[in-house]
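>>> coords please:
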Amino acid sequence: MASPQCCANPPTLNPAAGEGKVVDSFGGIKAYVAGAQESKAAVVLISDVYGFDAPNLRKIADKVASSGYFVVVPDFLHGDPFVPEDADRPIAVWIKEHTPGKAFEEAKPVIAALKEQGASSVGAAGYCWGGKHCFVLLHLNPNSKV
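Residues are numbered from 1 along each chain as shown. Modelled structure (predicted):
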């Protein structure tokens, strides 16, 4: 269950935010990418419940990319972020529709695509909902750098 703080201050989503770009398919999933694709070090940045259109998340991706990493922010929510104003779909209902198992399965081809393009080191970071998914990735693959 997400903490109340996670949903207390929702961002104004902006699909045009960031210095990187949105690609229709990275490892089979829509994603925001930033940094040099030829980098040997990559980071999968997993969003909170508001998704990959959150401007501050993209600023973080851009900042990490400026340190030499190639950063991928997959749209594991498939354009379905949590909407606090939707009384018919409170966070408890939304969470049940967005399970860690599904995102974990979707992360596999993203990581494979990073390795295919030459990344020798792939790490992951996440916020709120995304933090749980990083934990699941680490737990299921203890050799990961999550």
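
>>> wait, is Asp48 part of a strand?
No: according to DSSP: H, G, I helix; E, B strand; the rest coil, Asp48 belongs to no strand; its state is coil.

>>> after the lowest-mean-pLDDT helix or strand in the chain comes which helix or strand?
Here the helix or strand of the chain ranked lowest by mean pLDDT, DSSP states H and E is helix 4-7, holding a mean of 68. Per DSSP states H and E, helix 4-7 leads on to strand 21-26 as the next helix or strand towards the C-terminus.

>>> run the angle between the next helix or strand along the chain from that following strand and strand 21-26 for me.
Downstream of strand 21-26, the first helix or strand assigned by DSSP H and E is strand 29-34. Between the axis of strand 29-34 and that of strand 21-26 there is an angle of 140 degrees, by axes from the mean of the first three to the mean of the last three C-alpha atoms, to 10 degrees.

>>> which of the residues in strand 29-34 are buried?
Buried residues in strand 29-34, counted by 16 or more other C-beta atoms under 10 Å: Ile29, Lys30, Ala31, Tyr32, Val33, Ala34. For glycine as for every other residue, the C-beta is placed from the backbone atoms N, C-alpha and C.

>>> what sits against the residue lying closest to the second one once chain neighbours are set aside?
This points to Lys30. Leaving aside its sequence neighbours, Lys30 sits nearest to Asp75 (C-beta to C-beta, 6 or more residues apart in numbering; 4.4 Å). Asp75 makes contact with Ile29, Lys30, Ala31, Tyr32, Gly51, Phe52, according to C-beta atoms under 8 Å, 6 or more residues apart in numbering.
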